[in-house]
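S.K.: I'd like to go over a predicted model; first the sequence, then the structure.
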Amino acid sequence: MIKHTLGQQGRLRWGNLSFHPPLVAALQLPWFEITAAEPGPELAIIAGMHPNEVAAMEAALRLTSYFADHLRRGSVAILPIVNMPGLYSHAEFVCPVDNKNMNFLSLGDPQGSFSEVLLDQIVNVWAKDAAVLVDLHGGDLREEVAKFVMCQLTGQPEFDARTRELAHQFDADAIVEFAADQTNNRGRATNELPWLGRHAVMSEGGANGILDEENTLFHFHGVANIARYLGLTDQSLTPRRRRNRVVSNFFKVQAPRSGRLYLDVAAGDIVSQGQRLGRVDDIFGAPQGEIVAPFAGLVLMIVNHNITSEGEWLISLAPLEA
């Protein structure tokens, strides 16, 4: 049964969302929907693909009350926890049903594994009519991420201009505007939907699976600003005060050896080419190799656990033009 209540503006309903394909039919996702009396665009919000990214999930929950009180046009649909199978086992990056990372499976596959079918149902069925899909992320158990936003450019000027406007509603350390010809960072909804003519943005902000107010508000205010931009609310925009530096991509810096990790940098730092980013020692404490910046860049994400394995993705580094 779907429960419902009334806010000051709009109608809030909540309950469990289920899907028809047999592979995912037993799954129930927490679901909220707010509909205003006046017609307008639909905004779809998801969080919890990685169920330790709690600041993003908290922001999604808080937005239900916000839109119940302030939505004046259109509708908002929210799935605050996508990876329900991994929620109570504290799964880091994968869905335990098929051991796949949902974040890189868009647009899904109706004939695929559990996670692929689920992503197909969310992106292509549940959110198919959304003017914008916002995917909230940030800060799993071994991660520290800067406050940044990702969006995909397609080479179509009018479409890309609107995509940029949506991404810049967040007050971020950086805005990653993926160039149309980039190929190393694909598979996220924010990368794939624009090629179908659908707008999507993805926010990152948080650290170590910790619920903190600063990162929660980063996600919350960004989505609230998008709603104002779309004309769904009449609320004042939250001003931007962070660097909001635009970059065009980011790349992996990997562990050179297995052992004990000692990083010299934090998320949000700007580094120069050749700068030491950290080192790896063996389990006895003997030096095994240094981690060096391959180019001048902005540190978007670090893995901050002391134990690492050779080839592990340790740092996301966005190139900065000279």
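M.R.: That came in fine, so what should we check first? As the structure is a computational prediction, the values presented were derived from the model and not from experiment. Numbers count the residues shown, from 1 in each chain.
S.K.: neighbours of the nearest residue to residue 186 once chain neighbours are set aside, just the number please.
M.R.: In space, and not counting its chain neighbours, residue 186 is closest to residue 192: 7.2 Å by Cβ to Cβ, 6 or more residues apart in numbering. Yep, even glycine has a C-beta here, placed from its N, CA and C like the rest. Around residue 192 sit 20 other residues, with neighbours defined as other Cβ atoms under 10 Å.
S.K.: Report the separation between residue 192 and residue 274.
M.R.: Plainly put, residue 192 is 35 Å away from residue 274 if you go by Cβ to Cβ, to the nearest Å.
S.K.: Repeat that for residue 283.
M.R.: Residue 283 is 28 Å from residue 274, by Cβ to Cβ.
S.K.: one step back: so what does the residue nearest to residue 186 have for phi and psi?
M.R.: Phi and psi for residue 192, reported as degrees, to the nearest 10, are phi -90, psi -40.
S.K.: helix or strand for the nearest residue to residue 285 once chain neighbours are set aside, which one?
M.R.: Using Cβ to Cβ, 6+ apart and skipping residues adjacent in sequence, the residue nearest residue 285 is residue 260, 7.2 Å away. Using DSSP states H and E, the element containing residue 260 is strand 259-263.
S.K.: Partner strands of that strand and their direction?
M.R.: strand 276-281 (antiparallel), strand 307-308 (antiparallel) (DSSP bridges).
S.K.: And the contacts of the first one?
M.R.: So the one you mean is strand 276-281. 253, 255-265, 271, 287-293, 299, 308, 314-315 (Cβ atoms under 8 Å, 6 or more residues apart in numbering).
S.K.: Verify the contact between the residue nearest to residue 186 and residue 107 for me.
M.R.: Yes - assessed by Cβ atoms under 8 Å, residue 192 is found in contact with residue 107 at 5.0 Å.
S.K.: Let's see stretch 155-173 as CSV, backbone CA atoms only.
M.R.: Extracted C-alpha coordinates of stretch 155-173, given in CSV (Å, rounded to 0.1, in the frame of the first residue of the first chain):
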residue,chain,number,x,y,z
GLY,A,155,28.6,18.7,-29.0
GLN,A,156,25.0,20.0,-29.4
PRO,A,157,25.3,23.7,-28.3
GLU,A,158,21.8,24.2,-27.1
PHE,A,159,21.6,20.9,-25.2
ASP,A,160,25.0,21.3,-23.7
ALA,A,161,24.3,24.9,-22.5
ARG,A,162,21.3,23.6,-20.5
THR,A,163,23.4,20.7,-19.2
ARG,A,164,26.0,23.2,-18.0
GLU,A,165,23.4,25.3,-16.3
LEU,A,166,22.0,22.3,-14.4
ALA,A,167,25.5,21.2,-13.2
HIS,A,168,26.4,24.7,-12.1
GLN,A,169,23.4,24.9,-9.7
PHE,A,170,25.6,23.0,-7.2
ASP,A,171,28.2,25.0,-5.2
ALA,A,172,31.1,22.8,-5.9
ASP,A,173,34.9,22.6,-5.7
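S.K.: Can you show me the strands along the stretch 201-322 of the chain?
M.R.: 245-247, 251-254, 259-263, 270-271, 276-281, 287-292, 297-303, 307-308, 313-319 (DSSP state E, counting those that start in this stretch).
S.K.: picking that back up, now the strand holding residue 260: mean pLDDT?
M.R.: Averaged over strand 259-263, pLDDT sits at 98.
S.K.: likewise stretch 315-322?
M.R.: On average, stretch 315-322 scores 90.
S.K.: That stretch: which residues count as buried?
M.R.: Buried residues in stretch 315-322, counted by 16 or more other Cβ atoms under 10 Å: 315-320.
S.K.: Stretch 154-169 now?
M.R.: By neighbour count on 16+ other Cβ under 10 Å, the buried set for stretch 154-169 is 160, 162-163, 166-169.
S.K.: Also stretch 12-21?
M.R.: Those buried within stretch 12-21 under the rule 16+ other Cβ under 10 Å are 12-14, 17, 19.
S.K.: Next, the distance between the ends of it.
M.R.: 27 Å (Cα to Cα, to the nearest Å).
S.K.: domain parsing for the protein?
M.R.: Annotated domains of the chain cover 2-245, 251-319 [the TED database].
S.K.: Need the residue closest to the centroid of this structure.
M.R.: In the chain, the C-alpha nearest the mean C-alpha coordinate belongs to residue 137, at 3.3 Å (Cα atoms, centre = their mean).
S.K.: Bridge partners for it, pull those for me.
M.R.: Taking DSSP bridges as the rule, residue 137 bridges to residue 204.
S.K.: Which stretches in the stretch 1-150 of the chain count as strands?
M.R.: 3-6, 11-17, 29-35, 38-47, 73-79, 132-137, 143-152.
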